[in-house]
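Trainee: The following comprises the amino acid sequence and a computationally predicted model.
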Amino acid sequence: MVTQTDVLVIGGGATGTGIARDLALRGVDVVLAERDGLSAGASGRSHGLLHSGARYAESDPEGALECLEENRILRDVAGACVRETGGLFVQRSEDDPEYFEEKRAACEEIGIPVDVIDGDAAREAVPGLSTEVERAMWVPDAVVVPSRLVAANAADAREHGARILPHSPVASMAVANGRVESVTLERGDGATDGTSTEETIEPTYVVNAAGAHAGRIAAMAGVDVEMRPTRGVMVSVEHDGLEPVLNRCRDPDDGDIIVPHDGQVVLGTTSVPVDDPDDYETADWELEGTISECATMLPAVADAERVRTWWGVRPLYEPEEAEHGGRGISRGFHVLEHPDEGAENFASVVGGKLTTYRRMAEATADLVADRLGVDAACTTAERELTGAADPETLDEFVREFDGQGPTDSDLIGSPTPGA
């Protein structure tokens, strides 16, 4: 089977589905291919924090402002994909008070709303908060439900003409005369018996949005994209009643974020380089260290029942990491073209974070539209996502696209019995 299309997007996470939606809304014919179910990579294996920008305010003001702006947009357009919680940066007695003041000043300079409260007020807002917390700072963090967000973008793209193909890994690419001429997919379509068929896509343009696997996909097109993925552990434990996201107010380190869910909290995370995003070790010290460090903010989590544990792999871009390094640096994104490497109709979008996926998609779609001669503008910042107002509709999209990730499996509703 041979299919011709304007654009083939490879990768079914938030960025890939966001690109497909953006382009489809501009009237571009799009096919999206994902090797597994949607959200199988970093999007569905994150801690689910919708950043306010405060985490990066002093280290990367530009990236922090991007987070703030995208946070506000998603609250408007993503409906039940976002949970309004607020966030607290908490300072323990041993934490550097100058760091707290630097972060507050940086947030105020950027325009991130902050409200400083003393330890007693913080414990009133968060029952069980450590007695060692001396003060805290309210910021507009929130929680994102990534499985819903990705599925809603895919459904919206499909509603506007895109084809969404989960379980369709790239088998090969044919490159000639400086262009990717065709891409062959293995179409499993979720078959449990291992059977598959092949479909050859003949695209005018190809977008590589494969996250931590971007380097492997780029190599199939004969180009080089240097990735430097790192793994991070998340553990969900039983804990009822936490409302705001908790952030430790210190230089970013292991175990400094607690994300509230309904009756559970997600503790995270670590940052350990990996060579292969599909095959990497997981270490008990990451799990135990994350729980121990998070317990310095909320002591009850140390002995809480563990519900599930997972690791995610960040799609970090090697040149940026080599230049900046460090966990305090905002995870910026890059849209790379490859005409000098013999693939003039091939672009890779790398780096970034879940909070800024829509902006990454807009930048990529702007580039692709320009190369295709399409003059339609981006509208994703103003248009509500399909089904955003109805959690049941969103959860049905998740099931349809096999898009359930471990981050939010406790928040996605089960099918109605007999349905």
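Mentor: Happy to help now that I have it.

Trainee: Going by C-alpha atoms from here, please, whenever you check contacts or count neighbours.
Mentor: Noted.

Trainee: Quick check: E286 vs V7, distance?
Mentor: The spacing between E286 and V7, counted by CA to CA, to the nearest Å, is 40 Å.

Trainee: Correction: the previous question concerned R228.
Mentor: Using CA to CA, which is the criterion applied here, R228 is 27 Å from V7.

Trainee: Can you pick out the residue with more neighbours from these two?
Mentor: Taking other CA atoms under 10 Å, R228 and V7 do not tie; V7 has more neighbours (27 against 23).

Trainee: ok, that one - contacts?
Mentor: By CA atoms under 8 Å, 6 or more residues apart in numbering, V7 lies in contact with V28, D29, V30, V31, P203, T204, Y205, V206, V207.

Trainee: Repeat the analysis, applying 10 Å as the threshold.
Mentor: In this structure, V7 makes contact with 20, 23-24, 28-32, 162, 201-207, 345-346, 368-369, 372, judged by CA atoms under 10 Å, 6 or more residues apart in numbering.

Trainee: How far off centre is the helix or strand hosting it?
Mentor: Under the assignment given by DSSP states H and E, the secondary-structure element containing V7 is strand 2-10. Centroid separation between strand 2-10 and its chain, computed with CA atoms, centre = their mean, to the nearest Å, is 24 Å.

Trainee: partners of that strand in the sheet?
Mentor: In the sheet containing strand 2-10, the strands it pairs with under DSSP bridges are strand 30-33 (parallel), strand 197-208 (parallel).

Trainee: State the mean pLDDT of the longest one.
Mentor: Taken as a whole, strand 197-208 has an average pLDDT of 97.

Trainee: and that strand, how far out from the chain's middle?
Mentor: On the basis of CA atoms, centre = their mean, strand 197-208 is displaced by 24 Å from the centre of the chain it belongs to.

Trainee: list the buried ones in that strand?
Mentor: Across strand 197-208, burial judged by 16 or more other CA atoms under 10 Å covers E198, E199, T200, I201, E202, P203, T204, Y205, V206, V207, N208.

Trainee: Only alpha carbons, please: show it as CSV.
Mentor: What follows is strand 197-208 as a C-alpha-only set of coordinates in CSV (Å, rounded to 0.1, in the frame of the first residue of the first chain):
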residue,chain,number,x,y,z
THR,A,197,1.5,-5.2,7.1
GLU,A,198,3.6,-2.6,5.4
GLU,A,199,2.5,0.8,4.2
THR,A,200,4.8,3.1,2.2
ILE,A,201,4.3,6.8,2.8
GLU,A,202,5.5,9.2,0.1
PRO,A,203,5.6,12.6,1.9
THR,A,204,6.5,16.0,0.6
TYR,A,205,8.1,16.7,4.0
VAL,A,206,9.1,14.6,7.0
VAL,A,207,9.1,15.7,10.7
ASN,A,208,11.1,13.7,13.2
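
Trainee: which parts of the helix or strand that it is followed by are buried?
Mentor: Following strand 197-208 in sequence order, the next helix or strand is helix 214-220 (DSSP H and E). Using 16+ other CA under 10 Å as the burial criterion, the residues of helix 214-220 that qualify are A214, G215, R216, I217, A218, M220.

Trainee: which residues touch the residue nearest to the first one when sequence neighbours are not counted?
Mentor: Going back to what we said before, that points to A214. Beyond its immediate neighbours in the sequence, the residue positioned closest to A214 (CA to CA, 6 or more residues apart in numbering) is N208, lying 6.3 Å away. Applying CA under 10 Å, 6+ apart, we find N208 in contact with 8-11, 16, 214-218, 221, 335-336, 346-350.

Trainee: Helices of the protein, start to end?
Mentor: 14-25, 61-77, 97-110, 119-125, 146-159, 214-220, 284-294, 318-323, 357-372, 391-400 (DSSP state H).

Trainee: What's the mean pLDDT across the strand holding V7?
Mentor: Summarised as a single mean, pLDDT over strand 2-10 is 97.

Trainee: next one: stretch 305-318
Mentor: Mean predicted confidence for stretch 305-318 is 94.

Trainee: how about that stretch: buried residues?
Mentor: So for stretch 305-318, counting by 16+ other CA under 10 Å, buried means R306, W310, W311, G312, V313, R314, P315, L316, Y317, E318.

Trainee: I'd say the last one and M227 touch.
Mentor: Yes. Contact between E318 and M227 holds when scored by CA atoms under 10 Å: they sit 4.8 Å apart.

Trainee: List the residues that are in contact with both of the two.
Mentor: Joint contacts of E318 and M227 (CA under 10 Å, 6+ apart) are V350, G351.

Trainee: Let me know the outermost residue of the protein.
Mentor: Among the C-alpha atoms of the chain, the one farthest from their average position, using CA atoms, centre = their mean, is that of N177, at 35.2 Å.
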